[in-house]
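> here is the input, now give the coordinates:
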Amino acid sequence: CFIDMLNMSNKEIESALNNSLLLHSKLNGKKLIIRIINPTSSPIYEKIKSHDKNMINIEVDFYTDNFEDIIKNDCKNMDIGLIVVEKELFENKRFKKTLYDIKIPVLKTGNRSLADLSGAVILTSRAEKIEKSSSVIFDLSQQLFLDIELFDFDPQGSGKNRNLIEHFENLSKIFGKKVKIIKPKVNPIRKIQNRKRILQFIPFDKGILDNKLLSIFSTDFEKLYYKLDDKFQLFIPIEE
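Numbering: from 1, shown residues only. Next up is the predicted model:
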C-alpha cells in the first residue's frame with residue numbers, strides 16, 4: 001500500500017489504509033507492506049504506525065520523495081505481488097508511468113469500501129489481452145467472493161469474442177466459479193456507470209497512459225477506464 005502523506009488528504013489515506021487491511025485479511029498474501037513517503041506528525045500517522053505488527057510492516061522514508069526510485073527498489077528487494085493506491089495518486093502522470101513500468105498488478109481504490117464489493121466485471125475490447133489476464137481475474141474474484149460478469153460487446157454480431165467466451169467457460173469449470181456472459185446492445189460502460197459495488201478488471205497496456213482528451217473518441221475500453229474511475233479497478237500488466 002503506497003501512501004504519500006503530503007499529497008493525499010486524510011480521507012484518502014484512511015481509505016487506502018482500511019482497504020489494504022481488509023484486502024490483506026481476505027487474500028492469501030503473506031505480508032502487507034505500507035510504504036509511507038513525506039510523513040507528517042499527525043493522528044493518522046500514529047494510527048498507521050499502530051498496525052506495525054505480525055504480518056503488517058510499516059516502511060517510512062524520511063529522506064526522499066522520489067516515488068519512482070522507492071517503488072522500483074521495493075519491487076526489486078521485496079516480493080511485491082500487488083500495489084494498492086488511491087485514484088487521485090494513480091492519475092499522477094509520472095506515478096502512473098512508474099506503475100506501468102514495474103509490471104505488477106495495481107489496485108486503484110474506488111469511492112466505496114472494498115467490503116461493499118459484490119461483483120467483478122470485464123469489458124471486451126481486445127479479447128487477447130483479456131485472455132492473458134484471465135487467471136488473475138478468476139483467482140482474485142474467487143478469493144474476494146465476487147461474481148464475474150463478462151460483457152461481450154459485439155454490435156455487429158461478428159462472433160469475434162467466441163474464443164474468449166469459451167476460454168472463460170473452461171476456466172469457470174476449473175475454478176468452480178460461474179461466469180455470466182452478457183451481450184449488451186449498447187456501450188456497456190453506460191450499463192455499469194451507475195453500479196457502485198463492482199471491481200473492474202483492466203489490462204494495463206500503454207493505452208492507459210494516453211491523455212484523456214486523446215482517448216475520448218477511442219473504441220478501446222482500456223483507454224476509457226477513467227469513465228468508471230469511481231469504481232475499484234485492477235490493472236493487470238500484460239506482455240505487449
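> and Ile71, helix, strand or coil?
Ile71 falls in the helix class when you classify it by DSSP: H, G, I helix; E, B strand; the rest coil.
> ok, then the element right after the helix or strand bottoming out on mean pLDDT in the chain?
Least confident helix or strand, the chain: helix 212-215 with a mean of 69, by mean pLDDT, DSSP states H and E. Using DSSP states H and E, the helix or strand that follows helix 212-215 towards the C-terminus is strand 232-237.
> that next one pairs with which strands?
strand 106-108 (antiparallel), strand 198-204 (parallel) (DSSP bridges).
> between these, which one is closest to Val186.
strand 198-204 (17.5 Å; C-beta to C-beta). Using the backbone N, CA and C atoms, a C-beta is placed for each residue, glycine as well.
> got the buried residues for that closest one?
Applying a neighbour-count criterion of 16 or more other C-beta atoms under 10 Å, one finds Ile198, Leu199, Gln200, Phe201, Ile202, Pro203, Phe204 buried in strand 198-204.
> show me the contacts for the second one.
This points to Leu199. Leu117, Gly119, Ala120, Val121, Ser141, Leu144, Leu146, Lys231, Phe232, Gln233, Leu234 (C-beta atoms under 8 Å, 6 or more residues apart in numbering).
> which among those gets closest to Asn92?
Closest approach to Asn92 among these (C-beta to C-beta): Gln233, at 15.7 Å.
> and that closest one, how far from Asn170?
Distance of Gln233 to Asn170, given as C-beta to C-beta, to the nearest Å: 25 Å.
> and if you look at Asn73?
In terms of C-beta to C-beta, Asn73 sits 39 Å off from Asn170.
> likewise Lys97?
Applying C-beta to C-beta to Lys97 and Asn170 gives a distance of 35 Å.
> same question for Thr219.
From Thr219 to Asn170 the distance is 27 Å (C-beta to C-beta).
> next: Ser9.
Taking C-beta to C-beta, one finds Ser9 at 45 Å from Asn170.
> check Glu222 too.
24 Å.
> quick one: which of the two has more around it?
Between Glu222 and Asn170, counted using other C-beta atoms under 10 Å, the more crowded position is Glu222 (21 against 11).
> show me the contacts for that one.
Per C-beta under 8 Å, 6+ apart, neighbours of Glu222: Ser125, Arg126, Lys129, Ile202, Pro203, Asp205, Gly207, Ile208.
> what do you get for Leu140?
Leu27, Ala120, Leu146, Leu234.
> quick check, nearest of those to Lys185?
Ala120 (22.0 Å).
> sec struct for the closest one, please.
Per three-state DSSP, Ala120 ends up strand.
> doesn't Val136 make contact with it?
No. Between Ala120 and Val136 there is no contact under C-beta atoms under 8 Å: 10.9 Å.
> got any residues that touch both of those two?
Shared contacts of Ala120 and Val136 (C-beta under 8 Å, 6+ apart): Phe201.
> so between the two, which is more surrounded?
Ala120 (23 against 16).
> quick one: the helices in the chain?
10-26, 43-49, 67-77, 87-90, 93-102, 127-143, 162-175, 188-192, 212-215 (DSSP state H).
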